[in-house]
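Asker: Any chance you can model this:
(one chain, ligands or ions: 2)
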Amino acid sequence: MDGVVDHLADERNKAQFDVEEMKIVWAGSRHVFELSDRIARLVASDPVFRKDNRATLSRKDLFKNTLRKAAHAWKRIIELRLSEEEASKLRFYVDEAAFTDLHWGMFVPAIKGQATEEQQQKWLPLAYKMQIIGCYAQTELGHGSNVQGLETTATFDPQTDEFDIHSPTLTSSKWWPGGLGKVSTHAVVYARLITDGQEHGVHGFIVQLRSLDDHLPLPGITIGDIGMKFGNGAYNTMDNGVTRNGKCVRSNVPRQLIYGTMVFVRQTIVSDASCALSRAVCIATRYSAVRRQFGSQNGGVETQVIDYKTQQNRLFPLLAAAYAFRFVGEWLKWLYTDVTQRLQANDFSTLPEAHACTAGLKSLTTTFTADAIEECRKLCGGHGYLCSSGLPELFAVYVPACTYEGDNVVLLLQVARFLMKTVSQLGSEKKPVGTTAYMGRVEHLMQCRCSVQKAEDWLNPNTILEAFEARTARMSVAVAQKLAQFANPEEGFLELSPNLVEASVAHCQLIVVSKFIEKLQQDIPGKGVKELLGMLCNIYALNILHKHLGDFLSTGSITPKQGSLANDQLRSLYSQVRPNAIALVDAFNYTDHYLGSVLGRYDGNVYPKLYEEAWKDPLNDSVVPDGYHEYIRPLLKNQLRNARL
Ligand SMILES: CCCCCCCC/C=C\C/C=C/C(=O)SCCNC(=O)CCNC(=O)[C@H](O)C(C)(C)COP(=O)(O)OP(=O)(O)OC[C@H]1O[C@@H](n2cnc3c(N)ncnc32)[C@H](O)[C@@H]1OP(=O)(O)O
Ligand SMILES: Cc1cc2nc3c(=O)[nH]c(=O)nc-3n(C[C@H](O)[C@H](O)[C@H](O)COP(=O)(O)OP(=O)(O)OC[C@H]3O[C@@H](n4cnc5c(N)ncnc54)[C@H](O)[C@@H]3O)c2cc1C
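Answerer: Ligands and ions are numbered 1, 2, ... in the order given. I've put the predicted structure just below:
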């Protein structure tokens, strides 16, 4: 900030905690912080990675520019001999949806997780050196959610020792896979395995799509892009593809791990939610401190909009959620690593829980984040609607996360199946463990009474936890009892699916709250850091309680009076967080390049930069617009004539 006026300096001076230590907590470790900081600056200082022109480029120019960036990123990775961790951070800070996301994020993990040793030895070195580029081709035009309903077939021909991959219908065309449309040379294709005329369910196959010499599709394969997607710029940097296949390569697949790549990616999506959410919150918080409206007396300064309680009531729960998702993401990563190690030892016991947690938390965090980005746009008033605020593009790029890698409702129904199974086993030998361990105390949770008598009582983590556990246990048991009344359980499941989804949401919210509370039990150094995190944890929990008051009241988990006291406590917490708000978003350590927002600039110098940015629009290249002579002038002349008549 040398030589630059910091318009947010007063705000930064108000902070009551050690921001540098908070940065380490946010990053996860000092090592990750230092690495991220170094790579973020490297990307920000490289002109090839500029992204301020995305909204105005045509689809073709946008796409070519993405290819250029991806090639440049790879060049820098090789030149600088970056490690896998550094390379993945570099792609993260380049911040542009591209085929590389699918190559590194799904193709490589699918081979690592599902291919045999021999197949891995053949394909992984090629993929690691980007001598082949891969994608994940599961979804078809006719089926996405229902994976068992995929139509593409893979028929083994013993004579040639090959699999014939065939899309027999229009609806069996692979439709959506990122990178497939224009770039990928290979794909992991999901298809129904047929041997000796017998079907064996859906399996993954590594398929070569394009020639490595001239990039033309191999014989029998038709490929293209599926067309423009939501938002200008945004996800249109990605080629999402359609193929219809002819022939191809080899098999792999240990049966239980077919869905493993989805578990892996859902886990990464939870961490990613905290990134997208924190980014939107950082923009809205900084701008809310800069923006002033009303409240001036005797010509004095007006009120910063961040000081309005309504602004705090909308913004601070989002800030708290960014931290909450960060910590639950850390925990989920641990859970995923643990289940992977167990699977390698043929221990499948924790797979259902890992599936339920990744599916449920993916759903919860992406739904919340997509809504929150839109809320941040509104929190920035009119200027939030400008592309230069960074928020429209962030929303357009982020919102499909509610759909890809499993539609969020479909995923919650998976959690519901897991919950109902857990409830049905209560009282049996099989004791609930892990995230459902609280169900083991179901008798207590069904009748316990919340002890809160005054607002401060809501600051006790055990009180919060018990209220959340009682709410979830009671909702789950109630829907399980209703299900038991149906002669056909599947029919009951369909009929009661809205209730089941609500119970799943409650269960997932409980996981997030409990993991935040567990985080606070760790040793966290730095003046005031733990105190601030404690406030955010309480805001996250009490805001959910407030928003879902109906659940807590209808299950009798709390009384109306206790609900009202929770709200009083929330207001008090907002006042305590207020002086720390700017420092709490500074702790995300985002560069202005990564934020990509005039409103969220670190120095708060919003107005001159907004003005400057507006003049850069191509429409302002000429004072009189193209089209004046064809369309405006004749109109004006006609009006003149009409007026004379
Ligand atoms: C590091 C960088 C990361 C980069 C990330 C880049 C992101 C880029 C952006 C976009 C990429 C997007 C990619 C995609 O979208 S890929 C396509 C994703 N598709 C889906 O997610 C489809 C969703 N559908 C399903 O997952 C399933 O089919 C289903 C679970 C909804 C339906 O299953 P069901 O009807 O129950 O039947 P099954 O026979 O299929 O299941 C039986 C049994 O298996 C359990 N189970 C299901 N899924 C899993 C799983 N993933 N893991 C473990 N177990 C699973 C299921 O619960 C049943 O169990 P049971 O009740 O005990 O029998
Ligand atoms: C940007 C983007 C990138 C993608 N990238 C890839 C990729 O790389 N590779 C790939 O293979 N796929 C990819 N996909 C596809 C994606 O995985 C699917 O679109 C997703 O899984 C949802 O499936 P669907 O489209 O079949 O939705 P549908 O299942 O058709 O959903 C339509 C509606 O029906 C509801 N619904 C469906 N089933 C049920 C049920 N059982 N009970 C209640 N409601 C139900 C859903 O909630 C939703 O409201 C991508 C999609 C997008 C948007």
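
Asker: and residue 288, how many neighbours?
Answerer: Counted with other Cβ atoms under 10 Å, the neighbours of residue 288 add up to 24. All C-beta spots, glycine's among them, are computed from the backbone N, C-alpha and C.

Asker: That one contacts residue 304, doesn't it?
Answerer: Yes. Between residue 288 and residue 304 there is a contact under Cβ atoms under 8 Å: 7.0 Å.

Asker: Residues of the chain that sit close to ligand 2?
Answerer: Contact residues, the chain versus ligand 2 (Cβ under 6 Å from any ligand atom): 102, 136-139, 143-145, 176-178, 235, 240, 400, 403-407, 409-410, 413, 497.

Asker: doesn't residue 318 make contact with residue 376?
Answerer: Yes. Using Cβ under 8 Å, residue 376 makes contact with residue 318 at a distance of 6.9 Å.

Asker: pretty sure residue 171 contacts residue 146?
Answerer: No. Contact between residue 171 and residue 146 fails when scored by Cβ under 8 Å: they sit 11.9 Å apart.

Asker: circling back: of residue 376 and residue 318, who's got more company?
Answerer: residue 376 (30 against 25).

Asker: Which helix or which strand is home to the more buried one?
Answerer: helix 351-379 (DSSP states H and E).

Asker: thinking again about what came up before, and residue 171 and residue 146? which has more neighbours close in?
Answerer: Of the pair residue 171 and residue 146, residue 171 is the one with more neighbours under other Cβ under 10 Å, namely 14 against 10.

Asker: hang on, the more buried one in a helix?
Answerer: Yes. The assignment for residue 171 (DSSP: H, G, I helix; E, B strand; the rest coil) places it in a helix.

Asker: center of the protein - which residue?
Answerer: residue 273 (3.4 Å; Cα atoms, centre = their mean).

Asker: and the next helix or strand after the helix holding residue 376, does that touch ligand 1?
Answerer: Using DSSP H and E, the helix or strand that directly follows helix 351-379 along the chain is helix 391-398. No. Helix 391-398 lies out of reach of ligand 1 by Cβ under 6 Å from any ligand atom, never closer than 9.8 Å.

Asker: any common contacting residues for residue 376 and residue 318?
Answerer: Listed as contacting both residue 376 and residue 318 by Cβ atoms under 8 Å, 6 or more residues apart in numbering are 280-281, 284.

Asker: from those residues, which is closest to ligand 1?
Answerer: Nearest to ligand 1 among those: residue 280, at 18.3 Å, using Cβ to the nearest ligand atom.

Asker: in a strand, that's where the closest one is, yeah?
Answerer: No. Counting by three-state DSSP, residue 280 is not part of a strand but helix.

Asker: how much space between it and residue 375?
Answerer: 8 Å (Cβ to Cβ, to the nearest Å).

Asker: now swap in residue 26 and tell me
Answerer: 21 Å.

Asker: repeat for residue 73
Answerer: 32 Å.

Asker: what does residue 156 give?
Answerer: With Cβ to Cβ as the criterion, residue 156 and residue 375 are 52 Å apart.

Asker: before we move on, back to that, show me which of residue 280 and residue 375 is the more surrounded one.
Answerer: Higher neighbour count among residue 280 and residue 375: residue 280, with 32 against 18, using other Cβ under 10 Å.

Asker: Quick one, grab the pLDDT at that one.
Answerer: The score at residue 280 is 98. That number is its pLDDT.

Asker: dump the residue contacts of the closest residue in space to residue 556 that isn't next to it in sequence.
Answerer: Ranked by Cβ to Cβ, 6 or more residues apart in numbering and with sequence neighbours excluded, the top spatial neighbour of residue 556 is residue 474, at 7.3 Å. Residues in contact with residue 474 (Cβ under 8 Å, 6+ apart) are 445-446, 555-557.

Asker: on that earlier part again, can I get the buried ones among the residues of the chain next to ligand 2 as something I can paste into ChimeraX?
Answerer: This is the ChimeraX syntax for the buried subset of those, where burial follows 16 or more other Cβ atoms under 10 Å:
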select :102,136,137,138,139,143,144,176,177,178,235,240,400,404,405,406,413
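
Asker: Tell me which of the residues of the chain next to ligand 2 fall in helices.
Answerer: By the criterion of DSSP state H, membership of the residues of the chain next to ligand 2 in helices covers 102, 409-410, 413, 497.

Asker: which of the residues you listed are close to ligand 1?
Answerer: residue 410.

Asker: quick check, nearest of the ones in helices among the residues of the chain next to ligand 2 to ligand 2?
Answerer: So of these, ranked by how close each gets to ligand 2 (Cβ to the nearest ligand atom), first place is residue 409, at 3.7 Å.

Asker: I'd like to know how far that closest one sits from residue 359.
Answerer: For residue 409, the distance to residue 359 equals 11 Å [Cβ to Cβ].

Asker: Residue 555 now?
Answerer: In this view, residue 555 and residue 359 are 24 Å apart by Cβ to Cβ.

Asker: which of the two has more neighbours?
Answerer: residue 359 (25 against 20).

Asker: How about the more buried one, nearest residue that isn't a chain neighbour?
Answerer: Per Cβ to Cβ, 6+ apart, closest to residue 359 is residue 411, 4.0 Å.

Asker: pretty sure the one you found is touching residue 360, no?
Answerer: Yes. With contacts counted by Cβ under 8 Å, residue 411 reaches residue 360, the gap being 6.7 Å.

Asker: ok so, going back, give me the element the residue nearest to residue 556 is part of.
Answerer: Per DSSP H and E: helix 461-484 holds residue 474.

Asker: quick one on the thing from earlier: just the ones of the contacts of residue 474 in strands?
Answerer: Secondary structure defined by DSSP state E assigns none of the contacts of residue 474 to strands.

Asker: Show me which of these are buried.
Answerer: Using 16+ other Cβ under 10 Å, the buried ones in these are 445, 555, 557.

Asker: where does the stretch 201-350 of the chain dip in pLDDT?
Answerer: 233, 244-256 (pLDDT under 70).

Asker: Look up how far residue 212 lies from the residue of the stretch 1-150 of the chain at minimum distance from ligand 2.
Answerer: The minimum distance from the stretch 1-150 of the chain to ligand 2, using Cβ to the nearest ligand atom, falls at residue 144 (2.4 Å). To residue 212, residue 144 is 30 Å away according to Cβ to Cβ.

Asker: at contact distance from ligand 1, anything in stretch 325-336?
Answerer: No. Shown here: stretch 325-336 not in contact with ligand 1 (Cβ under 6 Å from any ligand atom), separated by at least 10.7 Å.

Asker: Now find how far off-centre that stretch is within its chain.
Answerer: Computed by Cα atoms, centre = their mean, to the nearest Å, the chain-centroid distance of stretch 325-336 equals 13 Å.

Asker: can you pull out the strands in this structure?
Answerer: 134-137, 153-157, 162-166, 174-178, 186-195, 198-208, 222-225, 240-244.

Asker: quick one on the thing from earlier: ok, now how distant is the residue nearest to the centre of the chain from residue 551?
Answerer: Residue 273 is 22 Å from residue 551, by Cβ to Cβ.

Asker: same check, this time on residue 525
Answerer: On the measure of Cβ to Cβ, residue 525 and residue 551 end up 37 Å apart.

Asker: Then residue 457?
Answerer: On the measure of Cβ to Cβ, residue 457 and residue 551 end up 20 Å apart.
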